[in-house]
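# Kindly return the folded structure for what I paste below:
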Amino acid sequence: MCLLPQPAAVADTQIPIPGGALAARLYRPTRRPTGTLMYFHGGGWVAGDLYTHDRLARTLAIELEAVVVSVDYRRPPEAAFPCAFDDCFAATRWAASSIATLGGDAARLGVGATAPGKFGGGRGPGVPGPGTPARGPALDLPCNRP
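This is a model prediction of the structure:
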């Protein structure tokens with residue numbers, strides 16, 4: 001049996017967006033306030049979810065000693081482009097405005113993804129500057145971590 005990495009706390013939440021809410025999962029380290037990473041799973045905008053990338057998000061929270069907010073954005077074909085991008089943008093704005101509640105430090109909010117090209121460097125008012133993705137698509141699928 002492969003045990004999942006255990007950050008100090010893991011909790012499911014909802015992020016309000018225009019017309020509804022997005023499911024998200026918060027991974028918190030022991031030390032706070034700390035940096036916050038908005039993590040958007042890979043899947044070509046059509047696959048993946050909070051569960052497929054749970055191990056990676058847990059590992060990021062532990063190794064970065066950061067709050068990780070993993071967002072389950074809407075995907076096609078149910079939600080046409082640019083819904084997924086809009087959801088990620090709205091979630092990042094929400095995190096920026098809720099940083100203290102999340103346990104984060106307002107000066108350290110980053111955006112990362114398994115496939116970071118999806119963001120194209122775009123940003124707008126109310127969103128901090130672009131962050132560097134914390135990790136590429138390599139997943140520890142054989143469970144080589146303790």
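
# Partner strands of the worst-scoring helix or strand of the chain on mean pLDDT, with direction?
Ranked by mean pLDDT, DSSP states H and E, the helix or strand of the chain with the weakest confidence is strand 104-113, at a mean of 88. According to DSSP bridges, strand 104-113 forms sheet pairs with strand 34-40 (parallel).

# what about the partner strand, distance to the chain center?
Put simply, strand 34-40 sits 6 Å off its chain's centre (C-alpha atoms, centre = their mean, to the nearest Å).

# Check stretch 53-61 too.
In terms of C-alpha atoms, centre = their mean, the centre of stretch 53-61 is found 9 Å from the chain centre.

# which parts of the longest helix belonging to the chain are buried?
Counting by DSSP state H, the longest helix found in the chain is helix 83-97. Using 16 or more other C-beta atoms under 10 Å as the test for burial, helix 83-97 gives 83-85, 87-96. The way it works is simple: take the backbone N, C-alpha and C, and place the C-beta from them, glycine included.

# Report the mean per-residue pLDDT for that helix.
Throughout helix 83-97, pLDDT has a mean value of 91.

# Would you mind putting the CA coordinates of stretch 75-92 into PDB?
Once non-C-alpha atoms are left out, stretch 75-92 reads as follows in PDB (Å, rounded to 0.1, in the frame of the first residue of the first chain):
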ATOM      1  CA  ARG A  75     -13.300  21.700 -18.600                       C
ATOM      2  CA  PRO A  76     -14.600  21.100 -22.100                       C
ATOM      3  CA  PRO A  77     -16.800  19.900 -23.600                       C
ATOM      4  CA  GLU A  78     -19.200  21.000 -20.800                       C
ATOM      5  CA  ALA A  79     -17.600  24.400 -20.500                       C
ATOM      6  CA  ALA A  80     -16.200  25.900 -23.700                       C
ATOM      7  CA  PHE A  81     -12.900  27.800 -24.000                       C
ATOM      8  CA  PRO A  82     -12.000  30.200 -22.300                       C
ATOM      9  CA  CYS A  83     -13.900  29.000 -19.200                       C
ATOM     10  CA  ALA A  84     -11.000  27.000 -17.800                       C
ATOM     11  CA  PHE A  85      -8.600  30.000 -18.200                       C
ATOM     12  CA  ASP A  86     -11.300  32.300 -16.700                       C
ATOM     13  CA  ASP A  87     -11.800  29.900 -13.800                       C
ATOM     14  CA  CYS A  88      -8.000  29.800 -13.100                       C
ATOM     15  CA  PHE A  89      -7.800  33.600 -13.300                       C
ATOM     16  CA  ALA A  90     -10.800  34.100 -10.900                       C
ATOM     17  CA  ALA A  91      -9.400  31.500  -8.500                       C
ATOM     18  CA  THR A  92      -6.100  33.400  -8.400                       C
END
